[in-house]
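Enquirer: Okay, here's the prediction I keep looking at, along with the sequence it came from:
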Protein chains: 4
Amino acid sequence: MALMNGQQYIESLRKLNIKVYMFGELVENPVDHPMIRPSINSVAMTYELAHAAEHEDLMTATSHLSGEKVNRFTHLHQSTDDLRKKVKMQRLLGQKTASCFQRCVGMDAFNAVFSTTFEIDKKHGTKYHENFTKYMHFVQENDLTIDGAMTDPKGDRSLSPSQQPDPDLFLHVVEQRADGIVVRGAKAHQTGAVNSHEHLIMPTIAMREDDKAYAVSFAIPSDAEGILMIYGRQSCDTRRLEEDADLDLGNKQFGGQEALVVFNDVFIPNDRIFLNGETEFAGMLVERFAGYHRQSYGGCKVGVGDVLIGAASVAAEYNGADKASHVKDKLIEMTHLNETLYCCGIACSSEGYPTEAGNYQIDLLLANICKQNVTRFPYEIARLAEDIAGGLMVTMPSAKDFKHPEIGPLCEKYFKGINKVPTEQRMRILRLIENLTLGTAAVGYRTESMHGAGSPQAQRIMIARQSNLQHKKDLAKKIAGIDK
Amino acid sequence: MALMNGQQYIESLRKLNIKVYMFGELVENPVDHPMIRPSINSVAMTYELAHAAEHEDLMTATSHLSGEKVNRFTHLHQSTDDLRKKVKMQRLLGQKTASCFQRCVGMDAFNAVFSTTFEIDKKHGTKYHENFTKYMHFVQENDLTIDGAMTDPKGDRSLSPSQQPDPDLFLHVVEQRADGIVVRGAKAHQTGAVNSHEHLIMPTIAMREDDKAYAVSFAIPSDAEGILMIYGRQSCDTRRLEEDADLDLGNKQFGGQEALVVFNDVFIPNDRIFLNGETEFAGMLVERFAGYHRQSYGGCKVGVGDVLIGAASVAAEYNGADKASHVKDKLIEMTHLNETLYCCGIACSSEGYPTEAGNYQIDLLLANICKQNVTRFPYEIARLAEDIAGGLMVTMPSAKDFKHPEIGPLCEKYFKGINKVPTEQRMRILRLIENLTLGTAAVGYRTESMHGAGSPQAQRIMIARQSNLQHKKDLAKKIAGIDK
Amino acid sequence: MALMNGQQYIESLRKLNIKVYMFGELVENPVDHPMIRPSINSVAMTYELAHAAEHEDLMTATSHLSGEKVNRFTHLHQSTDDLRKKVKMQRLLGQKTASCFQRCVGMDAFNAVFSTTFEIDKKHGTKYHENFTKYMHFVQENDLTIDGAMTDPKGDRSLSPSQQPDPDLFLHVVEQRADGIVVRGAKAHQTGAVNSHEHLIMPTIAMREDDKAYAVSFAIPSDAEGILMIYGRQSCDTRRLEEDADLDLGNKQFGGQEALVVFNDVFIPNDRIFLNGETEFAGMLVERFAGYHRQSYGGCKVGVGDVLIGAASVAAEYNGADKASHVKDKLIEMTHLNETLYCCGIACSSEGYPTEAGNYQIDLLLANICKQNVTRFPYEIARLAEDIAGGLMVTMPSAKDFKHPEIGPLCEKYFKGINKVPTEQRMRILRLIENLTLGTAAVGYRTESMHGAGSPQAQRIMIARQSNLQHKKDLAKKIAGIDK
Amino acid sequence: MALMNGQQYIESLRKLNIKVYMFGELVENPVDHPMIRPSINSVAMTYELAHAAEHEDLMTATSHLSGEKVNRFTHLHQSTDDLRKKVKMQRLLGQKTASCFQRCVGMDAFNAVFSTTFEIDKKHGTKYHENFTKYMHFVQENDLTIDGAMTDPKGDRSLSPSQQPDPDLFLHVVEQRADGIVVRGAKAHQTGAVNSHEHLIMPTIAMREDDKAYAVSFAIPSDAEGILMIYGRQSCDTRRLEEDADLDLGNKQFGGQEALVVFNDVFIPNDRIFLNGETEFAGMLVERFAGYHRQSYGGCKVGVGDVLIGAASVAAEYNGADKASHVKDKLIEMTHLNETLYCCGIACSSEGYPTEAGNYQIDLLLANICKQNVTRFPYEIARLAEDIAGGLMVTMPSAKDFKHPEIGPLCEKYFKGINKVPTEQRMRILRLIENLTLGTAAVGYRTESMHGAGSPQAQRIMIARQSNLQHKKDLAKKIAGIDK
């Protein structure tokens, strides 16, 4: 089957019969819902660009399973070059959508499950890797978008899965059957869930023997019996429901979203199970997925950063302030921070290595360094963008005021910047900055940068673990002339 | 006349016949408009607390004009003690409203105009100070809220007022009459305009002889002929229009707002004019107002910061994460940054000095230091709050979902934190953090911290000017043994 | 007795018979030792300026004990105005010496011991306050410099005093006699010890019942039987021993120093004892001394910062780079950070309050905020100074090379900056920057800023304790609509 | 000829007859001079490790000129893999020497001159590339250390070379002869000059037609007629001259150094000239050399950072504080910053590309990002190290005190940390931290990080130039819906 284009992807979603709730109601037609559609458009861009000749090298790859050309989002990385291209593809998509394009979680889950199942089978003689390899054939052939789902609701953070008062606060197996398993629980903060063909479920933390029922990984169609989603409400979400709000949106076409995916006793057939009780591999799976996903942020957020830097630069020009040395210096600082993130994304890719299963894993230490910087620099880039934009970003009136016969001309007159630029253009660029720093895309650019792929402290724990402090202590003692 | 309480203030607004446009329509009843009312409630708190015995010392003062007890927001500062109390009053109100309470601009304008008019009169033999002193009697007696309005639209930032293609991009006198003047133009980013009884207009920059018509200061009722306001639209503004959105608001009762105030050939009678063409005093007026207002941020934003620190701490507790050392350390860091701002607010007050007119001015250098820190630390405090809050802040569903018969219980179940706290409470505290970091109050806590009372570069210019670098160079040369 | 001047102070030191070891030898004549003398000169400046009419208001005060004029360094603060003047006096001395002037520890100890002994006596009926008041009469009358000594060697930081393998790692009473006590142990990091007439000893941490013998405070002459000092070696210390090194010193006249003070079974007569076993007051004494001393850093380091900013500015001028916008901006940033420290010093003073004993205590929270910033900003100021200075600061040859017949002229030629400034002047200013960022004064400006008056973590613990987090949580719940 | 080992390198230096002045005297025997020898030891390590089997892959390469195995420091990079290995080699050497090992400037100069001469010849038909290729054969065969020299004294920074009052403040051609040229001037801040077999001279800035005489590049033996060097004096330099100072040195064996290299009318034969008047290529040569050298800092300083992190960790252990959560967190932060630098070094290497001459150039934008971070993070790493170390680092007595019969045991007793570690070891590790933050190595780790390979502003200018802001503006306009 050929690679889908954007339109085909959108049509493919129509065939799904997903249950998603928003504002207390079941959404009739998610694909055309004005709040959801921008997120779908972002994913669609991952399909669309795969057909652009100038992006083919980044957007597609040759499957090592089938030898066919596949969308890189379904690819199992075969080299450090693949890992670097992944990051560059993500930067490209960040530039094109200025938002989260949601398809990375699946790609990152594929690569983590692929290598981990290989090692589970080797130890336990299970068939998870065979199951998963078949599944990957299916995904690649059908060019699917998969929601790689890890984070459980977690309840009381100070308690392990099996210690929670409500056993369902981590997703778990409630019944082992001959033909499969039945699972219950939920996955929270699922960015691409509503726009995905399937969910690929993974455990969310390393586990002990007690948590056996929670050590489970599997794949399941988004509209399987027992699954429902509850849509998260975010900053400025309903502006998209307003009539003629175009000017107020900042980014009319693209967006991101979040949902809770609930599993109400969902049946999973045996050939879709990739982990089932081998608790000692939960940690490996988490670590590998998190590693890939922390790498991802060194691409996607850099692309969004490019747009924000560009927007700030345009705003400065429209304000007549682009020649001011402090403005130029702030743009340099924004660029410096943004490219530092990119360096981290590239470096953890270049330092990747083959797993036992053959696909390539990123350098874990550097990927955690990457994400840790992502929890800081986008905030500073956003702060500098707000500085350059000026206060008008949050004091301009609505699009409707611009259309009013009496008020409209006053808006035109008094919100004008440099003479040659129409006021509307100035408004558009300021609304884009608002969108990225306070509005719908700020959720992706700021909060997701903070917590996506694990909160900052998770990276710090990994950095401590990976830093080989003993080696550094030995180096220091050698230099200091301390014998032991 | 006695001090008004909150309710009396609200009633007093009903008597005004202001013209304010929002979403392309004239607002019929601004006082009860669900988007405007929270801002009015914030201002009302400045009246209400003046009647609370425990806050009397901060909230009220004895007028040096009348000897009567007045609300401190209408007071002309008589000592450094007054200046410090001003800051403490502002911190208190930030704590009580978690938003901008809008009445400071008037207070800061009073004190700047009072001392500047004294010096203009001394040089030019004008009667501006007499005019203004009478005006202050009127303000104090009637316990008014005044919009101290400085910022013009400015158009092309690289051009002076008289160089702009459109002469109205800075407010100016279009007609000098025997009984007064006629003015045209607008004031942008007017935070408290819609909730004020009057506007007190000041020029926005130092001026040269060419800009004579732009060097103008006066007071005028909000509903005077020729004045209209256009309401700014902000992040999450329309959530307040939703039915039953209480849970989604974060801060149900209080808020801030911004508006453009347009002056379409408005007549100003002679006794309400405080500057009219004495260009060399425009800079002094700007510098003094900005100085006071930069001090203000060392109080109000600290109070809002207190709420955000508290909210993060509550969220950590509800997440079961409040014992984690990294969480405790982040709360310390937030406190450290917040109190550093407070130190700056207090210090520039303690180092205040009497003007020729007798009221007290803050230390200009330290007030600019204060504001410069305010353009940075609230962003970092907000970032740390988002870190502690966790991703749920931006993935939780709407209040309506919680009320749905099937979805509601799932929300209750899966968004629960520690067992003893109802899910609704967790949602409330996370929505408050969202409100302060991304939502309606983020405009006040972040963007206003950046640009209110002048953008960061304005402070840096003042710091350079006030830093007495030559004295420091002399100190260094002395120590280094350089004779000259 | 009149206030001493600098020369009289120096002569007074000659009368002491202190034992100080340096480089493995007993120093014969400490007063004239080229490594020690600059430190003495710094202290002497505290005497000298007390006689300068223009500094009288800051440098002197009226004793509330005797009604006489005393050097402010021996004063018990009687008002918040006194507290602010203390900070200003310290800034002045930092400006004049560009180093640590060492006399603050005594002043801060006086004020802490004075108020704490009052409260001990009130509870225990002891006579410590009477003892100490007499002692203060003696100090003021004789205008003494006292080493306020707190920090013990501490050994293993994870163990309490009485748990240490060696009981002497915290100073303690080894014998209780009818006429006094005998003490053993040491005080480390004693900045002004070698230049002081007496030591005023305090415990270093809060203590439990087990540590009774360690809860001791007393005063004793520097040359008492059983006391010896070991001089600490610091960066670039021996440059002062070089002949004709003037040009290489950066700061020829002033400096700071550190020493270990050892107490080998020293007898303390009863009337010089201020705490002896009342363990529950050890914490109060530590907290109060640390509070005052954390305030101090908001003055002294700001003064040194003024010199460093000035030096960077001169260096930029000599480099021909003072018009570059990035250089000007860095000087603004240095000033901004330096004045932020000053704000903290002023604020914790302004918010001071009377103790039960009548002298004034600073605001503890804000003093800890002050010091916490001091552990950060001087490092950034130093970094920016190094940036502006340029690499020549660490690549210039020695003074001796400038005097060589062949090499000297080459040095003159190739190290010249702008034409009108002699090369020697350029060298002098760069050596001053070296002195403050890497050399002898860097120890005071950087490391002492870090650890003096307690290491950063000590302040964070105090900030946590003083921040009233519960009040902030209540504020947040109120706003969020959470009832309990 | 075989690769030299460390000892052979040292012996090879003895054969040179260089003229180096220090403290106003010609140094008789530089190789054995106690202040110079540690720097020679650092360079020697670059030879020694080339013979270690476990480091062969990093330390050596196959010359594309001769097909022979060469020390990587003389290699012309043939792939991005070579570029990455270069960075890893530098990190390794930083770990082994904890100082600047000086040989990088030559390697970076080789690669820049090689590719630039190719392009000059292509345009001008000159023979510089042939000259230089021959020279590289010579360098590789003899395994030489070359001082790649760029920075001129510069005089007044606001003037171009030909505008300086003294024409020699930039090195220039004073005579064009048939057989070569005669040059005059100097190169400042020459790190490895004293330990190098030859100097490879390059211009220091882009030039205009007026500066034709200044556009010159050539190679010359270190002891050629007319060359002399003046040794820079640095923090703590003379400690190395003290007897038995071992314990006080921190790093006994290794060090860095700086010198001014003066060219008093030095003759350069034709076959050693690589640029002579082609002003338009001066900028390219500077940019390429600076690019390589900015990459280098992403390796060498990371290695030194490893030692400092290790030292801080050891110090914490010896203090009994290694279990404290704030200490662990600071070590994580230091690691995070250090690895971020490494990411930048790796990334600009991975993104390298072949020049027209065939050798590989790094990514210019990312190399500048790398260096810009190096001007910041080592300072923060150093600050955190000082925090963890504690104040004892600057208050401990000298080694001699430890050997005194009476004082020695007191030092042992009172400077002891945890019981099982000898006091001497604690002293050693603290002295190492002093060495890296304030002492001889601080010059390399801090000041050189700031100014080496160009001061911060030089990188910012390059970042601005390389950032393609127009592309970012276009991206933003597309998203915002702005047509043009």
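Expert: Looks like it arrived, so ask away.

Enquirer: contacting residues for the residue of the stretch 1-150 of chain A found nearest chain B?
Expert: Here the residue of the stretch 1-150 of chain A nearest chain B is A:G24; by CB to the nearest CB that distance is 3.4 Å. C-beta here means a position set from N, CA and C on the backbone, and glycine is covered the same way. Counting by CB atoms under 8 Å, 6 or more residues apart in numbering or on different chains, A:G24 makes contact with B:398, B:400-401, B:403-404, B:407.

Enquirer: So what pairs up with the closest residue to A:M22 other than its chain neighbours in the strands?
Expert: Once flanking residues are discounted, A:M22 sits nearest to A:Y231: 4.0 Å by CB to CB, 6 or more residues apart in numbering or on different chains. Note on A:Y231: beta-bridge partners by DSSP bridges are A:A259.

Enquirer: So A:F274 belongs to a strand, correct?
Expert: Yes. Counting by DSSP: H, G, I helix; E, B strand; the rest coil, one finds A:F274 located in a strand.

Enquirer: what bridges to the residue nearest to it when sequence neighbours are not counted?
Expert: Nearest non-adjacent residue to A:F274, counting by CB to CB, 6+ apart: A:S217, 4.2 Å away. Beta-bridge partners recorded for A:S217 (DSSP bridges): A:L275.

Enquirer: What is the burial count for the residue nearest to A:M22?
Expert: Residues within reach of A:Y231, counting by other CB atoms under 10 Å in any protein chain shown, total 25.

Enquirer: hang on, isn't it packed against A:E25?
Expert: No. Contact criterion CB atoms under 8 Å: A:Y231 and A:E25 do not qualify, at 10.0 Å.

Enquirer: pLDDT at the residue of the stretch 151-300 of chain A found nearest chain D, what is it?
Expert: Nearest residue of the stretch 151-300 of chain A to chain D, counting by CB to the nearest CB: A:N251, 5.4 Å away. With respect to pLDDT, A:N251 scores 97.

Enquirer: Could you report the neighbour count for it?
Expert: Applying other CB under 10 Å, I find that A:N251 has 22 neighbouring residues.

Enquirer: May I have the secondary structure class of it?
Expert: Classification of A:N251 using three-state DSSP returns coil.

Enquirer: Kindly provide the distance from it to A:L432.
Expert: Computed with CB to CB, to the nearest Å, the distance linking A:N251 and A:L432 is 6 Å.

Enquirer: Now do the shared contacts for those two.
Expert: Jointly contacting A:N251 and A:L432 under the rule CB under 8 Å, 6+ apart are A:98, D:479-480.

Enquirer: can I get the contacts of A:G24 in TSV with neighbour count?
Expert: Formatted as TSV, the contacts of A:G24 follow (neighbours: other CB atoms under 10 Å in any protein chain shown):
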residue	neighbour count
B:S398	26
B:K400	21
B:D401	24
B:K403	13
B:H404	19
B:I407	23
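
Enquirer: Which ones among those residues lie within helices?
Expert: Counting by DSSP state H, the contacts of A:G24 place B:400-401, B:407 in helices.

Enquirer: Identify the residues contacting the residue in the stretch 151-300 of chain A that chain C sits nearest to.
Expert: In the stretch 151-300 of chain A, the residue that lies nearest chain C is A:R233 (16.6 Å; CB to the nearest CB). Contacts of A:R233 were listed using CB under 8 Å, 6+ apart, and they are A:22-23, B:248, B:396-398.

Enquirer: same deal with A:R177?
Expert: Contacts of A:R177 by CB under 8 Å, 6+ apart are A:F267.

Enquirer: which residues sit in contact with the spatially closest residue to A:G391 that is not a sequence neighbour?
Expert: Using CB to CB, 6+ apart and skipping residues adjacent in sequence, the residue nearest A:G391 is B:H451, 3.7 Å away. Contacts for B:H451 (CB under 8 Å, 6+ apart) come out as A:390-391, B:189.

Enquirer: how much space between B:H451 and chain C?
Expert: Shown here: B:H451 relative to chain C, a distance of 18 Å by CB to the nearest CB, to the nearest Å.

Enquirer: how deep is A:D81 tucked in, by neighbour count?
Expert: Counted with other CB under 10 Å, A:D81 comes out at 15.

Enquirer: can I assume it sits in a helix?
Expert: Yes. Checked against three-state DSSP, A:D81 lies within a helix.

Enquirer: pLDDT weak spots in chain A?
Expert: A:1 (pLDDT under 70).

Enquirer: In space, what's closest to A:Y135 - neighbours in sequence excluded?
Expert: Nearest non-adjacent residue to A:Y135, counting by CB to CB, 6+ apart: A:A219, 5.7 Å away.

Enquirer: for A:S79, same thing?
Expert: Nearest to A:S79 is A:Y360, by CB to CB, 6+ apart, at 6.0 Å.

Enquirer: The one you found touches A:T80, doesn't it?
Expert: Yes. Using CB under 8 Å, A:Y360 makes contact with A:T80 at a distance of 6.3 Å.
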